[in-house]
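**Student:** this one's sequence-less:
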């Protein structure tokens, strides 16, 4: 099971997902994800160009991606340009989501460019073994992407979990 320093490392690996300009894309990649994962239908609310990661927090062994979804509800009847003194009136609606990750016993977060910190892969490679680890690694269940940055959550034994909530009062406090 990943210990606290490893979970903190995974949180830091996910920090480049934080952006106010580039939207978050979440893709379920496994045909049979762990039982404690949101379904593709549940994650559909994050599959648009209006979701942005505000922060990546950790409490104990639980990682939380704080996500906002901004939608522009334009009021009808007014022009979208400023011709003749009329201006557009729009109300920005912000909805907050929290995506919780727990690594379980064998879960890990990695990126194409960063070697992940894990007890199993901490062995030094020989000079003959110069090929980088494949990305996404085997047993990847979800991919996160913001702009050019990608990260994956993989868990060979499927003991980890992901949970999507609109409130984090009970789960994280």
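**Tutor:** Yes, it's here. In this text the structure is predicted, and so the values were computed from the model without any measurement. Numbers count the residues shown, from 1 in each chain.

**Student:** now the residue positioned nearest the centre of the chain, what's its secondary structure?
**Tutor:** What sits nearest the mean C-alpha location of the chain, by C-alpha atoms, centre = their mean, is residue 144, with 4.9 Å. When classified by DSSP: H, G, I helix; E, B strand; the rest coil, residue 144 comes out as strand.

**Student:** how much space is there between it and residue 162?
**Tutor:** 11 Å (C-beta to C-beta, to the nearest Å). To be clear about C-beta, it is placed using only N, CA and C from the backbone, and glycine gets the same treatment.

**Student:** I'd say residue 156 and residue 106 touch.
**Tutor:** Yes: using C-beta atoms under 8 Å, residue 156 is in contact with residue 106, at 5.1 Å.

**Student:** all helices of this protein, in order?
**Tutor:** Under the criterion DSSP state H, helices of the chain are mapped to 4-14, 40-43, 169-172.

**Student:** which strands and helices sit next to the first one?
**Tutor:** So that's helix 4-14. Packing partners of helix 4-14 (3 or more C-beta pairs under 8 Å, 6 or more residues apart in numbering; DSSP states H and E): strand 51-59, strand 62-74, strand 108-110.

**Student:** quick one: it to strand 51-59, angle?
**Tutor:** Calculated by axes from the mean of the first three to the mean of the last three C-alpha atoms, to 10 degrees, helix 4-14 forms an angle of 170 degrees with strand 51-59.

**Student:** So, low pLDDT: which residues of this protein?
**Tutor:** Applying pLDDT under 70 to the chain flags the ranges 74-90, 114-133, 169-173.

**Student:** how about a cut-off of 80?
**Tutor:** 1, 47-48, 72-91, 113-133, 168-173 (pLDDT under 80).

**Student:** What residues are recorded as beta-bridge partners of residue 70?
**Tutor:** residue 94 (DSSP bridges).
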